[in-house]
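In: Compute the structure for the input listed below.
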Amino acid sequence: MTLKTFGSTIKKPAPYIAAALIVFATGFAVSAIAHPPKGEAEQTEQAGHHEGMSGMKMDHKGMAGMKMGGHDHGGAAFSFGHPSPDATPDRVITINAMDSMRYDPSEITVKAGSVVKFVVTNKGEIAHAWAIDTVAEQKEHEEGMANVEMDNMMSHMDNEPNGFVLKPGETKSLIWTFTKGGDIQYACHLPGHYDAGMHGAVNVSGGPAAPEKAHAHGEAHEH
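Out: Numbering: from 1, shown residues only. This next block holds a predicted model:
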């Protein structure tokens with residue numbers, strides 16, 4: 001069948017083409033009804049959800065920087081100096097940790113303003129630790145470690161910027177810049193070692209004396 005209009009002849013679409021067009025139009029309408037444009041309230045809700053997820057990521061990042069029980073030296077400024085891993089030492093001091101619960105030597109003297117590389121070796125058959133701090137902080141640390149399990153204790157102490165844990169026969173080193181004097185010692189806080197006398201004195205000559213407590217640990221060493 002053909003139609004004539006304005007001098008042109010137009011063929012009428014075949015029945016099956018017309019039916020296909022009807023099905024297409026019907027499907028488009030149904031899709032529009034099933035998936036209407038997002039309203040303002042829904043968009044606001046989803047935005048809030050994504051913001052919440054972003055906040056959760058920040059929280060996990062913050063948790064990654066936390067240490068046990070608030071005992072966190074991260075970025076801490078010690079009263080008598082600071083670790084200097086990239087500095088060239090003025091002096092190297094070798095210290096041995098012994099199963100007799102003693103360090104050899106048990107006392108050293110350094111100069112204020114000097115950079116010292118400590119090389120510590122565990123000469124015993126059991127694990128030992130070595131950390132430098134003021135006597136007041138060493139005692140507080142010892143109290144805080146009292147109820148900590150051995151595995152957690154060793155992991156915690158090995159992540160400190162001012163010391164480390166040593167397995168039998170192991171050697172580790174720390175480069176430290178001494179800025180001030182004070183009542184300073186190196187010590188081991190593995191169970192029973194400190195109380196048995198495993199600590200050594202650090203005498204700093206020249207320069208002003210530093211306060212015994214100048215860096216924050218958060219709440220008292222609760223592990």
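
In: following the lowest-mean-pLDDT helix or strand in the chain, which helix or strand shows up next?
Out: Every helix and strand in the chain was compared by mean pLDDT, DSSP states H and E; the lowest is helix 40-64, with a mean of 39. Counting by DSSP states H and E, the element after helix 40-64 in chain order, helix or strand, is strand 81-83.

In: helix or strand right after that next one?
Out: Past strand 81-83, the next helix or strand by DSSP H and E is strand 91-98.

In: where does the chain have low pLDDT?
Out: 1-76, 150-157, 210-223 (pLDDT under 70).

In: now the strands: where do they sit in this protein?
Out: Secondary structure of the chain (DSSP state E): strands at 2-5, 8-11, 81-83, 91-98, 102-104, 107-111, 115-122, 128-134, 163-166, 171-178, 184-187, 199-205.

In: any chance of the ones you listed in JSON lines, with mean neighbour count too?
Out: Where C-beta positions appear, they are placed from N, C-alpha and C, glycine not excepted. Formatted as JSON lines, the strands of the chain follow (neighbours: other CB atoms under 10 Å):
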{"stretch": "strand 2-5", "mean neighbour count": "8"}
{"stretch": "strand 8-11", "mean neighbour count": "8"}
{"stretch": "strand 81-83", "mean neighbour count": "19"}
{"stretch": "strand 91-98", "mean neighbour count": "16"}
{"stretch": "strand 102-104", "mean neighbour count": "18"}
{"stretch": "strand 107-111", "mean neighbour count": "15"}
{"stretch": "strand 115-122", "mean neighbour count": "20"}
{"stretch": "strand 128-134", "mean neighbour count": "25"}
{"stretch": "strand 163-166", "mean neighbour count": "23"}
{"stretch": "strand 171-178", "mean neighbour count": "19"}
{"stretch": "strand 184-187", "mean neighbour count": "24"}
{"stretch": "strand 199-205", "mean neighbour count": "19"}
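
In: Of these, which is nearest residue 193?
Out: Across the strands of the chain, residue 193 has its closest neighbour in strand 128-134 (6.8 Å, CB to CB).

In: and the residue lying closest to residue 192 once chain neighbours are set aside, how many residues sit next to it?
Out: In this structure, residue 192 finds its nearest non-sequential neighbour in residue 101, 8.0 Å apart by CB to CB, 6 or more residues apart in numbering. Burial of residue 101 is recorded as 18 neighbouring residues (other CB atoms under 10 Å).

In: next one: residue 160
Out: 23.

In: wait, isn't it in contact with residue 131?
Out: Yes: using CB atoms under 8 Å, residue 160 is in contact with residue 131, at 6.0 Å.
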